[in-house]
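Undergrad: Sequence and predicted structure below; questions after.
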Number of protein chains: 2
Amino acid sequence: MINEQLLNPKSIVVVGASDDVMKPGGKILKNIVDGNFKGDLYVTNLKSDEVQGIKSYRDVADLPENVDLAVLAIAAKFCPQTVEVLAKQKGTKAFIIISAGFSEENEEGAALEHQIVNTINEVGGCLIGPNCVGMLTTNHSSVFTTPIPALEPMGADFISGSGATAVFIIEAGMAKGLKFNSVYSVGNSAQTGVEEVLEYLDNTYEEGKSSKIKLLYLESVNKPQKLLKHAASLINKGCKIAAVKAGNSEAGSRAASSHTGALASSDLAVDALFKKAGIVRCYGREELANVAAVFMVEELKGKNVAVITHAGGPAVMLTDALSNGGLEVPAIDGPKAEALLEKLYPGSSVANPIDFLATGTAEQLGDIIDACENDFNHIDAMAVVFGSPGLFTNEEVYKVLHRKIRECKKPIYPILPSVVNVKDDIEMFINLGNVNFPDEVLFGNALTKVYNTPKPVVITGGEEDLDVKALRRIVEAQPDGYVSPEVVQELLDVAGVPRVKEFVSDKVEDLLAAVAEVGYPVVMKVVGPVHKSDVGGVVLDVNSDEQLNAEFVRMMHLADATGVMLQPMITGKELFVGATYEPGFGHMVLCGMGGIFIEVLKDVSSGLAPVNQGEALEMIRDLKSYKIIEGVRGQKGIDENKYAEIIVRLSSMLMHAPEIKEMDINPLLGDGEKVIAVDARIRIQK
Amino acid sequence: MINEQLLNPKSIVVVGASDDVMKPGGKILKNIVDGNFKGDLYVTNLKSDEVQGIKSYRDVADLPENVDLAVLAIAAKFCPQTVEVLAKQKGTKAFIIISAGFSEENEEGAALEHQIVNTINEVGGCLIGPNCVGMLTTNHSSVFTTPIPALEPMGADFISGSGATAVFIIEAGMAKGLKFNSVYSVGNSAQTGVEEVLEYLDNTYEEGKSSKIKLLYLESVNKPQKLLKHAASLINKGCKIAAVKAGNSEAGSRAASSHTGALASSDLAVDALFKKAGIVRCYGREELANVAAVFMVEELKGKNVAVITHAGGPAVMLTDALSNGGLEVPAIDGPKAEALLEKLYPGSSVANPIDFLATGTAEQLGDIIDACENDFNHIDAMAVVFGSPGLFTNEEVYKVLHRKIRECKKPIYPILPSVVNVKDDIEMFINLGNVNFPDEVLFGNALTKVYNTPKPVVITGGEEDLDVKALRRIVEAQPDGYVSPEVVQELLDVAGVPRVKEFVSDKVEDLLAAVAEVGYPVVMKVVGPVHKSDVGGVVLDVNSDEQLNAEFVRMMHLADATGVMLQPMITGKELFVGATYEPGFGHMVLCGMGGIFIEVLKDVSSGLAPVNQGEALEMIRDLKSYKIIEGVRGQKGIDENKYAEIIVRLSSMLMHAPEIKEMDINPLLGDGEKVIAVDARIRIQK
């Protein structure tokens, strides 16, 4: 597990250090030295007494006692013994193993890895890797890769399941001014994976001292519940988390598994988990970098953005991106707008976008920002687009922008597109501690994505009226496979899901008595034959005693008939609720309208159990067919609270019955306040 | 109109040239000089005899005769007189006016602009601008902006409705290796707009000599039919066109009196036009640059891509992007795959993605590409991801890539993500004439977008059985407004759209006689009252003479009743066909399923008239509800050819009736081969 020795070691040893900085063992030492590591730095090398000007030990056994952190850049087969000596004799509590040749390669490698983890666990130490590029903190740069990005305590904590991808994301982020507090390349995650790092960041979070930005690159979600717990917790403490989970297509998961040896998780479950946790899901490096840069600006609190520009085109494209993503670029007018217009050159516009023309000055930009901050109360944020046709420098403009970003309470997003013409000015601006969005549309998409990501779901109890003992008794008594109709009913009753009444008998008098209770019309189904419909064993809309009698006689003569089931005939809109069990994630609960809505339009919402009432309502409201549930074209709708309650009840039941691997209630008929299960299937696997 | 003097002038005069290269009149002269313009270069300046070392004339009247191209960088008010002298006395046939202060500013400016256009038109000359940044060709760099991108005859022709945006797009494109044959900033498009430039490029296109790549940035489509004609023509000649049409969110919320009006927006018309023309629609600079770079690589002929990489992460994300966009990353196996694997380091994979590890060499890359080109017949293209962790240079690898791109017939897309670590190697690679995609996901999205853009629609006749004279007679006889039910029927009959039979009478005997013809059940509707349903004036499923008699009596007693209409009662799935008229674009025809599919799910396809049978089928197949039209859940579907034919017939009629501004047939009932219009509304405005 992550510890202080890893993050802020008093001493580091590079095992297998080299003079050749083109080799990992050389480059990692150089990076540590160049990063001005403040503690004691040791190196070992089998063949040298000095490496890069530092005294080298031939054997780790010769090192002084108490070396906090060891970075191993030696062949895999030598690692277990080296770790043993360091852990047991030198008090080393933190290890970064960059060497490859472990579980990612073959079984022998896996055995070595296992041995190393055991040794480190024995002393309560921490292992990053193996098969990784290392890690970076503000204290030490123990990576063998470049570039080393700007490091500062309020920068992002970035945890990556792929080393090369971490490098490329850092490279993509530098042009946007991304800064980092730490970078973890977890490699094979032998002891410490993305989830464990996140857990540590959560457990040690201190308001005001800890960074609020977390970035993740994952090719598999190994511990979904841990990820959910700590991501949600961090976000509830005020953090922002964005993640790429690669391998979301079928071919992509194949690519992911072939690379890491890890099984890809079902992508819908990942979506549901991220939504529940409040994680902003990204689909590429460039998008992640843009979202991270949005995180680095003050949080957007409303949906009204002022687009401030000296060039029309980007402002139009940005306005499109923001409005299409659900944000607004509202009109600005009134006396204060006119007062601002007075300060700009003729031909300018303050209507929003605020266009102060190609000739607009730094001073005018300052006036515009001040007006947006102080005078235009409905404006929640500013996006400033300012490039250069190459005639003049933008230094003054960018200095004003830098100052205003710090003076204003409203977030200001800088969009500086002239990455060639005013390259130096943009660099200056970034070096002053700002971010930059070179492309307005990628920025707009990132901002709306962040804005539209829901907050983490607050997980409450709410299963008070569930008889867990009864539920367990039923489930434990079942063999694997689909349970019988009677058991389906028992389970629905335990869950508290209203279901249509059913009466089964081989005597017509019983059925006639039942009709006296529920009234006509009724549905009759033969009991016994498997494919009831095919043999004429289902009759709808039975309306009289005579008809009931006749059908009863006919059905009892069907092959395998043992009785007849009778249900009151219910009408309503076809709904659907279902669940599947995703190993690690738990149950994923699905809802939607039935029939063509599922089969043709794939209009389904999903949530990860436990689903609470608010979440269930959100799931329902996310459906494309939601307006039909609300009631459309003069038709009565369906009580969404009742529908949501059924989703919640189902989810609560499933939390206590992990043996239920698949179930659906289909159809669930909804008619105003009546939402009633008509048929359901439940599959148990222990 | 564009002419040879503009593109390849023998002489240029810069009017208002300056020594100050921070001013447009100074910078544009410098750019022309730096661009090694081969012809005679003159300058004028009111106050100097020499500008930037070139002899300067005080007055354009003093210039030698025959100056092909004049670039004006003087105040707007001096432009008309200057143009007059140049056009009439100096034989100048091409003008670029970069000055602002014309129609974009006020009416006086518009008058000046008008005067200039008249003068230039009188001599049959060409005007670019005013209020633009100028233009670039391989012959002269008459822009006042930088950077000047790489220019070559097979580079892109780029036409931009916004000068600053053109600059920012060039900047964004440089990092991707975009090259240009020409750049036009059309400014106010006083004489020559985007459409006219495209027309010229189309009319002068020569296979093998003209560039095949056209890029457009538009904020409005002023001449949709011209754009459609020449874009489609160029693409049919083998060109590729990508365009950003900004301002797509402003449209859409117009008050309208029918479904169609509410669903249609001018942006939908832009979409329909681009689709018909075969233009790849982009939504931002970065996307346009990526698509343009895709254009610069050999055309992708199939959907199978080999992803070749030395780093897992980007390959997984790319595989996701490609598969989610409809391309495939198919498995590679067999003896030839095994032979390739032999040549790679242990741990490599050739299953696709082909991962040859962080230690993979240039030689191995060559082997992999050769195998994909020669041995793996099902592979249509290669995407090569190769970055650097910063340990070594990638020069050798990129040189192999450069060579293979030229040797191979299959397209090879280079994804070189390490824009920091191997910046110089990437620059070398681009300077060798290659493109680069720094982000694999943006590349993947661009490639799938290009792949999924349909070819231009071949516009054929196909209106043979339309009685145009009868149609015109009906339309011309109508006043503005919604036409009467009788006229709706006449129009449907002229168009050849099958409709339900209707009988109207104020005598019950007539209706009983009609029933004898069509049979029960029938629908009865009162004639006279406007809101028929509200007053109980619509009765469905009338099944007997008694019922018909009773309803007739009741209806004739309703206020304003003048008669009763009778229709046979038809059943089937509710379909919808409609059209609106977008000024300039012509009629946009919409189709979809009726009811909730339009009202709730907004599941509508659109096409620009004239729509042919193939296009109409494509529209139908694009619907989310298409599976229902095909027939689903054991239900009979609808004959899509019959449905398409109705769309085509409607479109043909509309081509001859521009006065029809809105119409919809709703419902159109479909049941197998029977597709019949039940009700329709048509609004005429002359």
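TA: Thanks, I have the structure now. Numbers count the residues shown, from 1 in each chain, chains lettered A, B, ... in the order given.

Undergrad: Residues in a beta bridge with A:G672, which ones?
TA: Going by DSSP bridges, A:G672 is paired in beta bridges with A:I638.

Undergrad: quick one: it and chain B, what's the gap?
TA: 18 Å (C-beta to the nearest C-beta, to the nearest Å). For the C-beta atoms, the positions are set from N, CA and C on the backbone; glycine is no exception.

Undergrad: How about the contacts made by that residue?
TA: The contact partners of A:G672, taken as C-beta atoms under 8 Å, 6 or more residues apart in numbering or on different chains, are A:636-639.

Undergrad: Swap in 7 Å and give it another go.
TA: Residues near A:G672 by C-beta atoms under 7 Å, 6 or more residues apart in numbering or on different chains: A:636, A:638-639.

Undergrad: Just the buried ones out of those, please.
TA: Neighbour counting with 16 or more other C-beta atoms under 10 Å in any protein chain shown marks A:638-639 as buried within those.

Undergrad: Can I get the contacts of A:G672 in CSV including pLDDT and distance to A:F37?
TA: As requested, the contacts of A:G672 are exported to CSV (pLDDT from 0 to 100; distance: C-beta to C-beta, whole Å):
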residue, pLDDT, distance to A:F37
A:K636, 85, 71
A:I638, 94, 64
A:D639, 96, 64
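
Undergrad: out of the contacts of A:G672, who's nearest B:I12?
TA: A:I638 (72.9 Å; C-beta to C-beta).

Undergrad: So A:G187 sits against A:G134, correct?
TA: No. The criterion here is C-beta atoms under 7 Å, and A:G187 misses it with A:G134 at 9.1 Å.

Undergrad: Show me where the stretch 301-450 of chain A has its strands.
TA: Under the criterion DSSP state E, counting those that start in this stretch, the stretch 301-450 of chain A contains strands at A:305-309, A:354-355, A:381-385, A:412-415.

Undergrad: Can you name every helix or strand that the first one contacts?
TA: Strand A:305-309 makes packing contacts with helix A:312-324, strand A:354-355, strand A:381-385 when contacts are defined by 3 or more C-beta pairs under 7 Å, 6 or more residues apart in numbering or on different chains; DSSP states H and E.

Undergrad: Roughly how far does the nearest residue in space to A:D367 that is not next to it in sequence sit from A:K399?
TA: Nearest non-adjacent residue to A:D367, counting by C-beta to C-beta, 6 or more residues apart in numbering or on different chains: A:K343, 4.8 Å away. Remark: distance between A:K343 and A:K399 (C-beta to C-beta, to the nearest Å) = 19 Å.

Undergrad: What segments of the stretch 501-650 of chain A are strands?
TA: A:503-505, A:522-527, A:538-542, A:563-568, A:573-582, A:586-593, A:604-608.

Undergrad: strands paired with the longest one, and their directions?
TA: When pairing is defined by DSSP bridges, strand A:573-582 lines up against strand A:586-593 (antiparallel), strand A:660-671 (antiparallel).

Undergrad: Quick one: work out the angle between that strand and strand A:604-608.
TA: 40 degrees (axes from the mean of the first three to the mean of the last three C-alpha atoms, to 10 degrees).

Undergrad: Can you tell me the closest non-neighbouring residue to A:M296?
TA: Counting by C-beta to C-beta, 6+ apart, the residue nearest A:M296 is A:V435, at 4.9 Å.

Undergrad: now A:A76
TA: Per C-beta to C-beta, 6+ apart, closest to A:A76 is A:G101, 3.4 Å.

Undergrad: Can you tell me the SS state at the one you found?
TA: coil (DSSP: H, G, I helix; E, B strand; the rest coil).

Undergrad: Which single residue of the stretch 401-550 of chain A ends up nearest chain B?
TA: A:V441 (2.8 Å; C-beta to the nearest C-beta).

Undergrad: That residue: what's it in contact with?
TA: With contact set as C-beta under 7 Å, 6+ apart, A:V441 has these partners: A:317-318, A:321, B:283-284, B:286-287.

Undergrad: Redo the helices and strands packed on strand A:305-309 as a markdown table? Include distance to B:T393, mean pLDDT and mean neighbour count.
TA: Conversion of the helices and strands packed on strand A:305-309 to a markdown table gives the following (distance: least, C-beta to C-beta, whole Å; pLDDT from 0 to 100; neighbours: other C-beta atoms under 10 Å in any protein chain shown):
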| stretch | distance to B:T393 | mean pLDDT | mean neighbour count |
| --- | --- | --- | --- |
| helix A:312-324 | 36 | 92 | 25 |
| strand A:354-355 | 45 | 94 | 26 |
| strand A:381-385 | 37 | 98 | 26 |
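
Undergrad: Just put these in a markdown table and tack on distance to A:G592.
TA: Listed next are the helices and strands packed on strand A:305-309 as a markdown table, based on distance: least, C-beta to C-beta, whole Å:
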| stretch | distance to A:G592 |
| --- | --- |
| helix A:312-324 | 25 |
| strand A:354-355 | 44 |
| strand A:381-385 | 35 |
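
Undergrad: Out of those, which is closest to chain B?
TA: Nearest to chain B, of these and by C-beta to the nearest C-beta, is helix A:312-324 at 2.9 Å.

Undergrad: Check the strands paired with strand A:573-582 for me and report the most buried one.
TA: strand A:586-593 (a mean of 25; mean count of other C-beta atoms under 10 Å in any protein chain shown).

Undergrad: any idea which helix or strand of chain A has the worst average confidence?
TA: helix A:250-260 (a mean of 53; mean pLDDT, DSSP states H and E).

Undergrad: Distance to chain B for the helices and strands packed on strand A:305-309 - can I get that in JSON lines?
TA: Putting the helices and strands packed on strand A:305-309 into JSON lines (distance: least, C-beta to the nearest C-beta, whole Å) gives the following:
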{"stretch": "helix A:312-324", "distance to chain B": "3"}
{"stretch": "strand A:354-355", "distance to chain B": "11"}
{"stretch": "strand A:381-385", "distance to chain B": "9"}
